[in-house]
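Student: Here's a sequence, model it:
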Amino acid sequence: MVEYKNVSFVRDGNLIIDNISFKIGQNENWVVLGPNGAGKSILFSMLMAYNIPTRGEIKAFGKTFGEYNWNKIKSRIGIVSSTMSRFESVLNRMRIFEIVLSGLKRSIGIYEKITEAEKKKTAQFITESNFESMQYKYYRNLSAGEKKKTMILRSLITEPDILILDEPCSSLDLFQKEQILQTLSKIKDTNMIYITHDITEIIPEFDHVMMLKEGKILVQGARKEILNQQNLQALYGLNVEINNIAERPTIRVIND
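Tutor: Reported below is the predicted structural model:
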């Protein structure tokens, strides 16, 4: 579904992404794991054409960036990221129902006539997502976790082939984080790319892992082969121990 070939990205003379190549296949859910500043968000912002690669080639759904109308590619991809915060003033004036429906319009805010079919689809989708009791609340009155879930639903209502989740649990408390992860665990028929620095967020549904460090891929592949103590020690530069509880990894720093 997605392929990067020898992709690099330079900003202000600094090499942010360094000659990266990988493939994401159909029915694969990937975690992109790495410390802050590793280049994780930049890497996938290029798939959305928010940033343009300095060198290399990006393909999605068999089409090559620069040789095809990329808006058609983007219409098949949903994204939830902190960049949406720049629309906070608009979102604060909207109710959850309106925000989720705006995903169908592919806009922040609603500037076109809403059809009865769109209203019906939105209502049904919110009900199926167990968010019915919240749908008429204003965004400005939501908790951080409720805001994140709203934006996830806004992306999912379009039934994207790929959903990019860029640090969706950042700033959330433990309860809110688990609520978001439970929402993600129920997603079907959409490939997820989950960007994080916290391995405790890796739910069983994620079957592939990429570890990114200083703009380079350290390791990548099937989760069972990649998510181990040796690779995590190399990633974080710490002596760590990894354990799995109910198919969720935990990590502990070992002090000498």
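
Student: Find the residue closest to residue 140 in space, skipping its chain neighbours.
Tutor: Using Cβ to Cβ, 6 or more residues apart in numbering and skipping the chain neighbours, the partner closest in space to residue 140 is residue 92 (3.9 Å). For the C-beta atoms, the positions are set from N, CA and C on the backbone; glycine is no exception.

Student: Now name the helix or strand holding the most centrally placed residue in the chain.
Tutor: With distances taken as Cα atoms, centre = their mean, residue 165 lies nearest the centre of the chain, 1.2 Å away. Using DSSP states H and E, residue 165 sits in strand 162-166.

Student: follow-up on the earlier one: isn't the residue nearest to residue 140 up against residue 147?
Tutor: No: Residue 92 lies out of contact with residue 147 (Cβ atoms under 8 Å); the separation is 10.1 Å.

Student: between those two, who's got more neighbours?
Tutor: residue 147 (21 against 12; other Cβ atoms under 10 Å).

Student: doesn't the more buried one fall inside a strand?
Tutor: No: using DSSP: H, G, I helix; E, B strand; the rest coil, the assignment for residue 147 is helix, not a strand.

Student: Let me see the contact set for it.
Tutor: Contacts for residue 147 (Cβ atoms under 8 Å, 6 or more residues apart in numbering) come out as residue 139.

Student: what separates the residue nearest to residue 140 from residue 137, distance-wise?
Tutor: Residue 92 sits 12 Å away from residue 137, going by Cβ to Cβ, to the nearest Å.

Student: ditto for residue 216
Tutor: For residue 216, the distance to residue 137 equals 44 Å [Cβ to Cβ].

Student: cool, residue 238 as well?
Tutor: Residue 238 is 42 Å from residue 137, by Cβ to Cβ.

Student: Compare neighbour counts for those two and give me the winner.
Tutor: residue 137 (15 against 12).

Student: Just to check, the more buried one is in contact with residue 94?
Tutor: No: applying Cβ under 8 Å as the test, residue 137 and residue 94 come out as separate, 10.3 Å apart.

Student: all helices of this protein, in order?
Tutor: Counting by DSSP state H, the chain has helices at residues 40-45, 70-74, 88-91, 96-105, 116-128, 144-156, 174-185, 223-226, 229-236.

Student: So which of these is nearest residue 26?
Tutor: Within the helices of the chain, the stretch nearest residue 26 is helix 70-74; the backing value is 15.6 Å (Cβ to Cβ).

Student: Just the mean pLDDT for that closest one, thanks.
Tutor: Mean pLDDT, computed over helix 70-74, is 93.

Student: Name whatever forms a beta bridge with residue 17.
Tutor: Beta-bridge partners recorded for residue 17 (DSSP bridges): residue 9.

Student: Tell me the confidence at it?
Tutor: 95.

Student: Next: residue 206.
Tutor: On the pLDDT scale, residue 206 gets 96.

Student: What of residue 256?
Tutor: Residue 256 carries a pLDDT value of 65.

Student: how about low-confidence regions in the stretch 101-250 of the chain?
Tutor: Within the stretch 101-250 of the chain, not a single segment meets pLDDT under 70.

Student: The closest residue to residue 91 other than its chain neighbours: neighbouring residues, count only.
Tutor: Nearest residue to residue 91, sequence neighbours excluded (Cβ to Cβ, 6+ apart): residue 139, at 4.6 Å. The number of residues packed near residue 139 is 19, by other Cβ under 10 Å.
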